[in-house]
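A.B. asks: predicted coordinates and the sequence they were generated for:
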Amino acid sequence: MTALNAGLKAGLKAKIRKIVTFVEETSTEMGQKVDPPARRAAAVAVIENPFAGKYVDDLSELMAIGEELGELLTERAVAALGIAGPSAESYGKAAAVGENGELEHAAAVLHPKLGTPVRRVLGKGAALIPSSKKRGGLGVALDIPLGHKDAAYVRSHFDGMEVRISDAPRANEIMVAIAITESGRPLPRVGGLTKDQIKGEDGLR
Amino acid sequence: MPEVQIRKKILVVEEIFHEGGPSSPESLRRAAALVVIKNPFAGAYVEEIEGFMKDLTPLGLEMARSLVAALGGDPKAVESYGKGAIVGSAGELEHGALWHVPGGYAMREVLGGAKAIVASTKKVGGPGTRLDVPITHINASYVRSHFDAMEVSVADAPRADEIVLALVMTTGPRVHARVGGLKASEIKGENGLR
């Protein structure tokens, strides 16, 4: 048997079965041209859940995996958009745990360590990374929330991106997703803070 | 004939390392290009629709090229393909059939004269409908290791007056193919079947 994770960076703790990237480009909405088109991408890894089927108190292994995936998936999403990290406008993260895992496993991947490498790849990211998590079966729809990376209150960038993978997560797997955009919603017009008003100090406004 | 009106384009790339068995030195890649267009015939029965196939030809070529690029840029790396369409509720299945010629021949042209028929499927459905796009070897339909399918969907499409067009390409056989049959190395490549 050859090594796991063929072609990926050596020494990864995550046992990755597959990585799926999605790129969406919206050029028309309700007959109106969206110019430039609204563009967003999601990179999703399907990994083995090392704690499936048992209660384990110390989840640090999944936290370390979160750190690895923060870098890998952000790099994949930015590459899929064909932009430099600092050109990203909004971001989000989500995880779906297979039926033999706990919601807390998703929390361990997403919350303690994943954000730092995301921000390193993007150059900045003062705002909280919006997140969602769930437990589900194969093909479950995972809605990744999106918010502006430097100011959470930018209303034009409140959004969500649905991703699903027909054969994941299996019972002993976790789907980990990062979404990155180059724009807000198509044709935003509900007011609020705009991106040119961002102060970018507190991550909120 | 009506101009093709595009609402959104989606590109999905899967990189598969294993499925519980040994990892191969090179991962399998599968990519799907999806484009949501307005159905110019939605809401009424139109007898003459054939001309729209020609209108779709440039889009087919663009989608085929985007798939080759997503799989690394070398058309020779592409081993199997498939196509499909989802027609929104104000359209008919026959509108999906308009995709056979422009979608199939676009891929065969971009891949440099692939010989096998392009496996296909289509359906009428609402937003988020999932379509299992069948996949077979580009030069010999009977290559058993390459019988596959890729499920695709777009959360907000097709709306009633839209069509989702899909093309799929892959770089190889199922990741742990081992059920025998004609092998890719045994292709004669004369008739597109074996």
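C.D. replies: Nice, thanks for sending it over.
A.B. asks: just the helices in the chain please.
C.D. replies: This is for chain A. Per DSSP state H, chain A has helices spanning A:60-81, A:103-110, A:115-122. These are given in chain order.
A.B. asks: wrong chain, I was asking about chain B
C.D. replies: Going by DSSP H, chain B shows helices at B:51-70, B:93-97, B:100-110.
A.B. asks: buried set for the first one?
C.D. replies: It stands for helix B:51-70. With burial defined by 16 or more other CB atoms under 10 Å in any protein chain shown, the residues of helix B:51-70 counted as buried are B:52-53, B:55-57, B:59-68, B:70. In this view, the C-beta of every residue, glycine as well, is placed from N, C-alpha and C.
A.B. asks: these two touch, right, A:Ala84 and A:Val121?
C.D. replies: No. Applying CB atoms under 8 Å as the test, A:Ala84 and A:Val121 come out as separate, 9.9 Å apart.
A.B. asks: report the contact partners of A:Tyr55.
C.D. replies: By CB atoms under 8 Å, 6 or more residues apart in numbering or on different chains, the contact list for A:Tyr55 reads A:Glu102.
A.B. asks: what parts of chain B come near chain A?
C.D. replies: Proximity of chain B to chain A, by CB under 8 Å from any CB of the partner chain, involves residues B:5-20, B:22-27, B:130, B:151, B:153, B:155.
A.B. asks: figure out which of the helices of chain A is closest to B:Asp161.
C.D. replies: With respect to B:Asp161, and counting by CB to CB, the nearest of the helices of chain A is helix A:60-81 at 29.0 Å.
A.B. asks: returning to what we had before: now flag whichever of the buried residues of helix B:51-70 is closest to A:Ser131.
C.D. replies: Within those, distances to A:Ser131 taken as CB to CB reach their minimum at B:Ala70, with 27.7 Å.
A.B. asks: what sits closest to A:Ala141 if chain neighbours are left out?
C.D. replies: Once flanking residues are discounted, A:Ala141 sits nearest to A:Arg164: 5.0 Å by CB to CB, 6 or more residues apart in numbering or on different chains.
A.B. asks: ugh, wrong one, I meant B:Ile187
C.D. replies: Ranked by CB to CB, 6+ apart and with sequence neighbours excluded, the top spatial neighbour of B:Ile187 is B:Ala140, at 4.3 Å.
A.B. asks: phi, psi of that neighbour?
C.D. replies: When quoted as degrees, to the nearest 10, the phi and psi of B:Ala140 stand at phi -150, psi 110.
A.B. asks: do stretch A:57-69 and chain B meet at all?
C.D. replies: No. Using CB under 8 Å from any CB, we find that stretch A:57-69 stays clear of chain B, coming within 14.1 Å at best.
A.B. asks: who in chain A is up against chain B?
C.D. replies: Counting by CB under 8 Å from any CB, the positions of chain A adjacent to chain B are A:1-8, A:16-29, A:80, A:139, A:141, A:162, A:164-166.
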